[in-house]
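Student: Attaching a predicted model along with its sequence, questions to come.
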Amino acid sequence: MADQISEDTLITLFDSIPKAFVQETVKVYGDANSAMEFLLQNGHDQAALDNLRQTLQPAGDATSADEPIAMMMAMGFSEDQCKQALKATRDNADMAVALLLGDTGGRGGRGVRALFGGDDDDDSESEDIIPTKRKKPSAPLVSHEELVKIVDAAQHSVHAVLEQLTDNKGAPPDIPDEQLQQLTSLYDEIIDKFNCKHYWDKYGSHRSDGQLVLLGAGDPVPNYYANVVDGSIWRRKVLSLAGLRNLVLYGREIFSELKASLFVSDPNAYGRAAGIHKMRNLTGNTVDLDTVVLRCSDGTVLKTINERNKAHGGKQYGSGDEFGESEEAKEIALNTAKPLLDGFIKDFKLTKAQTKSRKIDLPNNFSKFKMHVASGSGDRGKWAVWQYVNQGVNTFHANVPNMHDVVGALLLAPFAAARAYLLCRNDEKMLEDFFENAISDSCFNQKWKALEEFNLELDSRDTIKRLLNDIQAKHQDVFTNEFFNNDDENNTNEIAEMWKLVQGQAARSVKDKKSRMVSKLDVTAWVKNPEEEI
């Protein structure tokens, strides 16, 4: 867990930034640690802070009285309790009230004890110190088998988006309301299972994290950053789950709004409560709508460039920033970005006027292109290619997203997580693996990648292909280089030896979708093509 820093410490650390701006940033976030992350990424960028202030405004019918402290004091709470509850919930009055009321429905419930301390036995294993009663109760879940069918149907419906991605034949397909209710209730179960002492201890939960499990489907999700200073890992994982739950309901709507603006990364291209703003409000985070084409600040990249240049008598760079200032870096970035920009133009069938309006027109003669150097997020989406330079960061960006990530993050991830959970639901060891590796506390691009990889790993378990791979790896004393060199072109010896080792064992067939005995035909097919699914 990261130590909490004070506002005064933050002012000292960022003495090159006006004190009033630092104080304003802390006020927007509600704590100095989160404000520090903003300042590291954006510096003294008033436009970025103003945009963020708008983004963090509660949505929907959440309580946001002009004087929330007076409102809560009228309910019988002290001024100190009200202030601490607002601080814990980042000035969301509705969530602060829920926290103060706690899960007993009245003053002095577990929510209050979790925030302000209380009985000596608050940390005992027999009593949860984190409240679990939501404003919107979960619907009773159907059987496990029916849930699997619902998740499969939802995944099938959103996969249709891929077939209509670059045309205008309508919005992504709807999912029946009763199925959406089952899916959001399944997420309630996931969050409830994560809400226990084992995971509080493992991921460093703070007492002030307790109010997060009161979030219901459709509620705004507090903003967070994927880093080590933004609260506990437990907090970020719960917020990740709450965001995924909201994407079950709103992912297709957000996707349609982004598509209507051709997935531009400029936040000003969307209405205040639409597109990227809606995603941040409902998930606490966003998906990247630009693509990094060169990371000059990556030590591996710098080493590779220097080694290549050394072999050809080229320049050696002493730092990522020095490399980032070079014409060589600019040329690499533009050459990498050009096919991405051209591919986006072709896929979405953009006219020259649309290409210019979308700000992805790049001249064939790169010498005519002036690279814009940005220092804040407010510059996103305004140049075909730009460079971002800040403390410890030096990257080049293309003004188009990785569409696989956008589709995955908004449309596939919420159902991929539900699928993975159902496969792990009844096995404690697998469930631990699910919370550790499937639910990433990073940005939504990485959340989707983690879920995609985790589901692929689940699919490979107990398969015929996995069994054959494992058997050959286990018997390296048999399958030596000499063994393979002495085999004929039909791999007769390998097939015979593998069949001898696997005969009588059962595994799951990916093609048949059921477990069965491994056959010699399976072994032959695997030997001929180890990558083929069996």
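Tutor: Cool, the structure landed.

Student: Can you name the next helix or strand after the top helix by length along the chain?
Tutor: If you go by DSSP state H, the chain has its longest helix at helix 233-260. Counting by DSSP states H and E, the next helix or strand C-terminal to helix 233-260 is helix 275-283.

Student: Need the contact partners of that following helix.
Tutor: The contact list for helix 275-283 (C-beta atoms under 8 Å, 6 or more residues apart in numbering) reads 54-59, 218, 220-221, 223, 242-244, 246-247, 250, 253-254, 257-258, 261, 265, 267, 269-271, 273, 285-287, 289, 410, 444. Heads up, the C-betas are built off the backbone N, CA and C, glycines and all.

Student: List buried members of the residues you listed by neighbour count.
Tutor: Using 16 or more other C-beta atoms under 10 Å as the burial test, the contacts of helix 275-283 include 55-56, 58-59, 220-221, 223, 242-244, 246-247, 250, 253-254, 257-258, 261, 265, 267, 269-270, 285-287, 289, 410, 444 as buried.

Student: And the spatially most central residue of the chain, how far from Q472?
Tutor: What sits nearest the mean C-alpha location of the chain, by C-alpha atoms, centre = their mean, is F444, with 2.4 Å. Distance of F444 to Q472, given as C-beta to C-beta, to the nearest Å: 38 Å.

Student: N486 too?
Tutor: Counting by C-beta to C-beta, the gap from N486 to Q472 is 16 Å.

Student: Comparing the two, which shows the higher neighbour count?
Tutor: Between N486 and Q472, counting by other C-beta atoms under 10 Å, Q472 is the more crowded of the two (19 against 9).

Student: hang on, isn't L180 packed against Y250?
Tutor: No: assessed by C-beta atoms under 8 Å, L180 is found out of contact with Y250, at 10.4 Å.

Student: is K514 in a bridge, and if so with what?
Tutor: Following DSSP bridges, K514 is listed with bridge partners S509.

Student: And for it, the neighbour number?
Tutor: Neighbours of K514 (other C-beta under 10 Å): 7.

Student: pretty sure it is touching R508, no?
Tutor: Yes: assessed by C-beta under 8 Å, K514 is found in contact with R508 at 7.0 Å.

Student: which residues are common contacts for those two?
Tutor: Joint contacts of K514 and R508 (C-beta under 8 Å, 6+ apart) do not exist.

Student: what sits against the closest residue to D152 other than its chain neighbours?
Tutor: Ranked by C-beta to C-beta, 6 or more residues apart in numbering and with sequence neighbours excluded, the top spatial neighbour of D152 is R419, at 7.7 Å. Shown in contact with R419 (C-beta under 8 Å, 6+ apart): 151-152, 155, 455.

Student: Of these, which belong to helices?
Tutor: Counting by DSSP H, the contacts of R419 contribute 151-152, 155, 455 to helices.

Student: Buried by neighbour count, from those residues: which ones?
Tutor: Buried members of the ones in helices among the contacts of R419, scored by 16+ other C-beta under 10 Å, are 151, 155, 455.

Student: for the protein, what helix or strand is lowest in average pLDDT?
Tutor: The least trusted helix or strand in the chain, going by mean pLDDT, DSSP states H and E, turns out to be helix 110-116, with a mean of 39.

Student: L412 is in contact with L247, correct?
Tutor: No: contact criterion C-beta under 8 Å: L247 and L412 do not qualify, at 9.7 Å.

Student: okay, and for the stretch 201-350 of the chain, where does confidence drop off?
Tutor: The model of the stretch 201-350 of the chain has pLDDT under 70 over residues 226-230.

Student: One more pass at 90, please.
Tutor: 204-216, 219, 222-232, 256, 266-273, 285-286, 312 (pLDDT under 90).

Student: re earlier: which of the buried ones among the ones in helices among the contacts of R419 has the weakest pLDDT?
Tutor: Least confident entry in these, by pLDDT: Q155, with 86.

Student: now that residue, nearest residue through space, not along the chain?
Tutor: What sits nearest to Q155 in space, not counting adjacent residues and going by C-beta to C-beta, 6+ apart, is F415, at 4.7 Å.

Student: separation between that neighbour and N309?
Tutor: 46 Å.

Student: what ranges do the strands span in this structure?
Tutor: Remark: strands assigned in the chain by DSSP state E are 291-295, 372-374, 385-390, 393-398, 506-509, 514-517.

Student: which helices and strands sit right next to the second one?
Tutor: What that stands for is strand 372-374. Secondary-structure packing of strand 372-374 (3 or more C-beta pairs under 8 Å, 6 or more residues apart in numbering; DSSP states H and E): strand 385-390.

Student: Quick check: the two most widely separated of the contacts of R419?
Tutor: Maximum pairwise distance among the contacts of R419 (C-beta to C-beta): 12.5 Å, between D152 and N455.

Student: Next, count neighbours for N485.
Tutor: 7.

Student: wait, I meant N469
Tutor: Neighbour tally, N469, other C-beta under 10 Å: 14.

Student: pLDDT wise, what is it at?
Tutor: So N469 comes in at 91 (pLDDT).

Student: Low-confidence stretches in the stretch 1-150 of the chain?
Tutor: Checking the stretch 1-150 of the chain against pLDDT under 90 turns up 1-139.

Student: before we move on, back to that, does the residue nearest to Q155 touch A153 like I think?
Tutor: No: under the criterion of C-beta under 8 Å, F415 makes no contact with A153, lying 9.4 Å away.

Student: Neighbour count: those two, which is higher?
Tutor: Between F415 and A153, counted using other C-beta under 10 Å, F415 has the larger neighbour count: 26 against 13.

Student: OK, contacts around that one?
Tutor: Counted by C-beta under 8 Å, 6+ apart, F415 has contacts 151, 154-155, 158, 183, 248.

Student: Reformat the residues you listed as TSV; add distance to R280.
Tutor: As requested, those are exported to TSV (distance: C-beta to C-beta, whole Å):
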residue	distance to R280
V151	26
A154	24
Q155	25
V158	21
L183	22
V248	17
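
Student: of those, closest to W383?
Tutor: V158 (32.1 Å).

Student: Look up how far A260 lies from that closest one.
Tutor: 18 Å.

Student: What count of nearby residues applies to N33?
Tutor: When neighbours are counted by other C-beta under 10 Å, N33 comes out with 21.

Student: ok, it touching Y225?
Tutor: No: using C-beta under 8 Å, N33 is not in contact with Y225; the gap is 9.5 Å.

Student: So for H44, which of the strands of the chain sits nearest?
Tutor: Nearest to H44, of the strands of the chain and by C-beta to C-beta, is strand 385-390 at 11.4 Å.

Student: Averaged pLDDT, that closest one. What do you get?
Tutor: Average pLDDT, strand 385-390: 91.

Student: Partner strands of that strand, with direction?
Tutor: Strand 385-390 is paired, per DSSP bridges, with strand 372-374 (parallel), strand 393-398 (antiparallel).

Student: quick one: contacts of the first one?
Tutor: Strand 372-374 is contacted from outside by 379-380, 382-383, 386-389, using C-beta under 8 Å, 6+ apart.

Student: so what's Q181 closest to, chain neighbours aside?
Tutor: For Q181, ignoring the flanking residues on the chain, the nearest one in space by C-beta to C-beta, 6+ apart is A139 at 4.8 Å.

Student: Quick one: neighbours of the one you found, just the number.
Tutor: 15.

Student: The contacts of strand 372-374 into TSV, with extra columns for neighbour count and distance to P18?
Tutor: Output for the contacts of strand 372-374, formatted as TSV (neighbours: other C-beta atoms under 10 Å; distance: C-beta to C-beta, whole Å):
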residue	neighbour count	distance to P18
D379	20	20
R380	23	23
K382	16	25
W383	20	27
W386	22	25
Q387	22	25
Y388	22	22
V389	17	20
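
Student: Next, give me the two most distant ones among the residues you listed.
Tutor: Those two in the contacts of strand 372-374 that are separated most widely, counting by C-beta to C-beta, are K382 and V389, at 15.9 Å.

Student: Quick check: the gap between V518 and R508.
Tutor: 10 Å.

Student: These two: which is more packed in?
Tutor: Using other C-beta under 10 Å, the more surrounded residue of V518 and R508 is V518, with 22 against 19.
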